[in-house]
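Trainee: need a structure here:
(one chain, ligands or ions: 1)
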Amino acid sequence: MFELPKLPYEKNELEPFISEETIDFHYGKHHQTYVTNLNNLVKWTEFEAKELEDVIKTSQGGMFNNAAQIYNHTFYWNCMAPNSGDEPYEEISELINRDFWSFENFKEKFSTSAATNFGSGWTWLVKTTEWKLEIVNTSNANTVITTDNKPLLVIDVWEHAYYVDTRNARPKYIENFWNLVNWDFVNENLNK
Ligand SMILES: [Fe+2]
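Mentor: Next up is the predicted model:
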């Protein structure tokens with residue numbers, strides 16, 4: 001049985017940037033539904049005993065979509081933390097300055113990529129096998145863990161992530177996101 005992972009904070013702790021109502025729906029309904037769907041799909045199949053990442057790498061169609069969405073959402077929740085401030089520090093800060101010249105420049109590039117990611121999807125900061133930082137967009141449930149790139153940071157740009165709080169204004173949601181980035185988590189991901 002796959003389970004909905006616990007949120008790393010209370011549902012109202014990302015306010016005022018992301019409301020409790022958004023978390024109620026996004027985590028409590030959408031994320032939960034992917035878990036329920038996957039459990040129904042794997043029942044009595046070879047996938048039932050597999051780890052989530054293994055299901056993602058070996059399945060297609062509905063099973064892949066639900067499994068990848070579980071992973072992507074769990075990763076996304078961990079990318080945020082209450083009162084985290086908006087400046088990167090330690091190793092990730094050095095790599096951002098090396099590969100994007102400055103945090104401001106990186107922030108602008110990542111934000112533009114997220115704002116222009118057509119339709120539903122995810123915008124990632126990844127580490128390549130050559131230890132370069134890159135910004136990558138994926139569509140729908142697609143995830144970077146099916147590639148050689150390692151995920152460091154992600155923003156969910158499906159409408160369900162922001163419609164309650166900022167309606168159609170995805171750029172406003174992206175701007176709010178920078179107040180929540182958990183740079184401790186991003187630094188940890190560099191060495192995974
Ligand atoms: Fe989502």
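Trainee: So which bits of this protein are right by the ion?
Mentor: Proximity of the chain to the ion, by CB under 5 Å from the ion, involves residues Asp156, Trp158, Ala161. C-beta: built from backbone N, CA, C; applies to glycine.
Trainee: Would you convert those into CSV that also reports distance to Ala67 and pLDDT?
Mentor: Converted to CSV, those look like this (distance: CB to CB, whole Å; pLDDT from 0 to 100):
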residue, distance to Ala67, pLDDT
Asp156, 16, 98
Trp158, 16, 98
Ala161, 19, 98
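Trainee: Tell me how far the residue sitting furthest away from the middle of the chain lies from Ser111.
Mentor: The outermost residue of the chain, judged against the average C-alpha position, is Trp44 (29.7 Å), by CA atoms, centre = their mean. To Ser111, Trp44 is 45 Å away according to CB to CB, to the nearest Å.
Trainee: which SSE is the residue farthest from the centre of the chain in?
Mentor: Assigned by DSSP states H and E, Trp44 belongs to no helix or strand.
Trainee: same question, Leu125
Mentor: Assigned by DSSP H and E, Leu125 belongs to strand 121-127.
Trainee: Ala161 is in contact with Asn176, isn't it?
Mentor: No: counting by CB atoms under 8 Å, Ala161 does not reach Asn176; the two are 10.7 Å apart.
Trainee: So between the two, which is more surrounded?
Mentor: Neighbours per residue (other CB atoms under 10 Å) separate Ala161 from Asn176, with Ala161 holding more: 24 against 16.
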